[in-house]
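Engineer: Let me see the structure of the following:
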Amino acid sequence: MKAKTRAPDDQDLLQRLDDVIGALADLSDVLTRTEDLGRILQRSVEQVTRAIPGADMASVSVLRGGNAPAETVASSSELVWAIDDDQYAAGDGPCLEAARTGRVVRVSVEQATERWPQFARSARAAGVASYLSAPLHVDEEFAGSLNLYSMQAHGFGDLDEALLRLYTTAAAAAIANGQRYAQASALAAQLGQALDSRAVIDQARGILMATHGIDAQQAFALLAKESQNTNVKLREVAAQLVESISRPASP
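Structural biologist: Numbering: from 1, shown residues only. Have a look, this model is predicted:
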């Protein structure tokens, strides 16, 4: 468990800044690489618990569209999942407030008892005494919060809040980069599939042209007609034709 100093001296301040700068440097490395979103989020919660002295655990909450409940998508500890889930079940809590309002929420569990009793009970049972949550907004599809938990009664101060704001700014950029990578990967897969389909269709069309002495347009019309008659996708009809020609004849 990490100790917390309420009135940090200059050396302590410098150490905290060094910790956050180091975490930001690690996170900036993600920006230059192609990592999936889940990995980026997990790296974020692991880094921020090392960077902010009062943070014993961390999680990322994401709001889903419509009536779908919020969800914890990354966590540094199994204890956090249960605490967050109780907030989601109640429909309110500090992480949800930070995500919905775009404002940082910093409370002790005792202060949270009256506003969010379900969260407070769950947090107290897990040994959590202080809480700090910052909004983590990337775009309309990703809105959530980065949540810190401390076992100390006064685990977070003004400096911790300022450092978390700084970190979430960098984390949002990393998440946006991960989303772009995922979108690019999906597009590349679709293009690859389209090219494969085109190659198979061209092969089948060539076979029909050579077999029946027809042109490319007529050959394609035959494939399309077979696809409609059999209710089988055009690519599959073409693949079946190519396979039947390439298959060795039975003796």
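
Engineer: got any ranges where this protein has weak pLDDT?
Structural biologist: 1-36, 65-68, 138-142, 173-196, 246-251 (pLDDT under 70).

Engineer: That one - how does it break down into domains?
Structural biologist: Residue ranges for the domains of the chain, per automatic domain parsing: 10-184, 187-246.

Engineer: Give me the helices and strands touching whichever strand or helix holds residue 112, please.
Structural biologist: Here residue 112, judged by DSSP states H and E, is contained in helix 109-115. On a contact count with 3 or more Cβ pairs under 8 Å, 6 or more residues apart in numbering; DSSP states H and E, helix 109-115 meets helix 117-125, strand 130-139. C-beta here means a position set from N, CA and C on the backbone, and glycine is covered the same way.

Engineer: Sheet partners, orientation included, of the last one?
Structural biologist: For strand 130-139, the pairing partners within the sheet under DSSP bridges are strand 105-108 (antiparallel), strand 142-150 (antiparallel).

Engineer: wait, doesn't residue 113 sit right on residue 120?
Structural biologist: Yes. Counting by Cβ atoms under 8 Å, residue 120 is a contact partner of residue 113 at 4.3 Å.

Engineer: Looking at those two, which is more packed in?
Structural biologist: residue 120 (24 against 15; other Cβ atoms under 10 Å).

Engineer: Isn't that one up against residue 112?
Structural biologist: Yes. Counting by Cβ under 8 Å, residue 112 is a contact partner of residue 120 at 4.6 Å.

Engineer: and stretch 125-132, how far out from the chain's middle?
Structural biologist: Computed by Cα atoms, centre = their mean, to the nearest Å, the chain-centroid distance of stretch 125-132 equals 25 Å.

Engineer: can you pull the buried residues of it?
Structural biologist: 126, 128-132 (16 or more other Cβ atoms under 10 Å).

Engineer: For residue 207, which non-adjacent residue is closest in space?
Structural biologist: residue 245 (5.6 Å; Cβ to Cβ, 6 or more residues apart in numbering).

Engineer: should've said residue 83
Structural biologist: Closest residue in space to residue 83, ignoring its immediate chain neighbours: residue 122 at 4.7 Å, by Cβ to Cβ, 6+ apart.

Engineer: Would you quantify the distance from that neighbour to residue 41?
Structural biologist: Using Cβ to Cβ, to the nearest Å, we find residue 122 at a distance of 22 Å from residue 41.

Engineer: repeat for residue 86
Structural biologist: 21 Å.

Engineer: And those two? Which one has more around it.
Structural biologist: Shown here are residue 86 and residue 41; by other Cβ under 10 Å, residue 41 has more neighbours (25 against 19).

Engineer: gap between the helix or strand harbouring the more buried one and the chain center?
Structural biologist: Using DSSP H and E, residue 41 falls within helix 37-51. Chain-centre distance of helix 37-51: 11 Å, with Cα atoms, centre = their mean.

Engineer: Tell me the first helix or strand C-terminal of it.
Structural biologist: strand 57-63.

Engineer: Parallel or antiparallel, which strands does that following strand pair with?
Structural biologist: Checking strand 57-63 against DSSP bridges gives partners strand 71-75 (antiparallel), strand 142-150 (antiparallel).

Engineer: the helices in the stretch 101-250 of the chain, which residues?
Structural biologist: For the stretch 101-250 of the chain, helices defined by DSSP state H, counting those that start in this stretch occupy the ranges 109-115, 117-125, 158-212, 216-230, 234-246.

Engineer: For the fourth one, name the packing helices and strands.
Structural biologist: Counting contacts by 3+ Cβ pairs under 8 Å, 6+ apart, helix 216-230 is packed against helix 158-212, helix 234-246.
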